[in-house]
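1. prediction below, plus the sequence it came from.
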Amino acid sequence: QAVEGEFRFDQCDAFVKFAEDHQLQMVGHCLVWAKDDRTPEWWLVEDGRPTSREKLLERMKAHIDAVVGRYGDRIAMWDVVNEALADGNAGYLRESVWTRTTGEEFIVRAFQYAREKAPHALLIYNDYRCDTPGKRDKLVRLITSLKSQNAPVDAVGLQGHYELDSVPFAGLEAMLQAMRELNVKVVVS
């Protein structure tokens, strides 16, 4: 969406039709990417100033309503929010317009908005390097918080950026066990 209120679905429609014609399940990636450089510039400003909480959430809802509203449960899984956690052991959420403006609220609302339009799809929080202790702890904190706020998080997407000779098996096992304890599915993305 390069311009506010303008959506172009021709390529997406063709892609979804191809998948349906071939009985393929699809993953919608992603509705909100929690990085300023992955968010269209017009989302970041409002009347020449930084976007207000209300306007940012309004824009996010309009985007999710349009995209998920068009495809809904025709998409089996939606990566609702991507990469909102800070890297390493420091911090909690990644510094972005999203966190500066709303804290965790944008994540909760994104999942709620997506569920309204795709009641049966698997809704995923997606991130990378969650096999490391610091990031795993943040992931547990986030999922616990989201669930306490009634965000319909069904699964965690674990980005599998691994080299064949250096798969972090112990960290993956610890992460999988932590998600099991939270009753959250894990998918490798």
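-> Perfect, thanks for sending it. Numbering: from 1, shown residues only.

2. only C-alpha atoms from now on, for both contacts and neighbour counts.
-> OK.

3. and for the chain, the residue most distant from the center?
-> Centroid-distance maximum for the chain: residue 165 at 28.9 Å, with C-alpha atoms, centre = their mean.

4. that one and residue 98, how far apart?
-> Applying C-alpha to C-alpha, to the nearest Å, the value for residue 165 to residue 98 is 36 Å.

5. so residue 55 sits in a helix?
-> Yes - using DSSP: H, G, I helix; E, B strand; the rest coil, the assignment for residue 55 is a helix.

6. tell me the contacts of it?
-> Residues in contact with residue 55 (C-alpha atoms under 8 Å, 6 or more residues apart in numbering) are residue 46.

7. pLDDT score for the residue farthest from the centre of the chain?
-> Model confidence at residue 165, given as pLDDT, is 86.

8. against residue 158, how distant is residue 24?
-> Taking C-alpha to C-alpha as the measure, residue 24 falls 21 Å from residue 158.

9. show me the shaky parts of this protein.
-> Under the criterion pLDDT under 70, the flagged ranges of the chain are 1.

10. report the buried residues of stretch 157-174.
-> By neighbour count on 16 or more other C-alpha atoms under 10 Å, the buried set for stretch 157-174 is 157, 158, 171, 172, 174.
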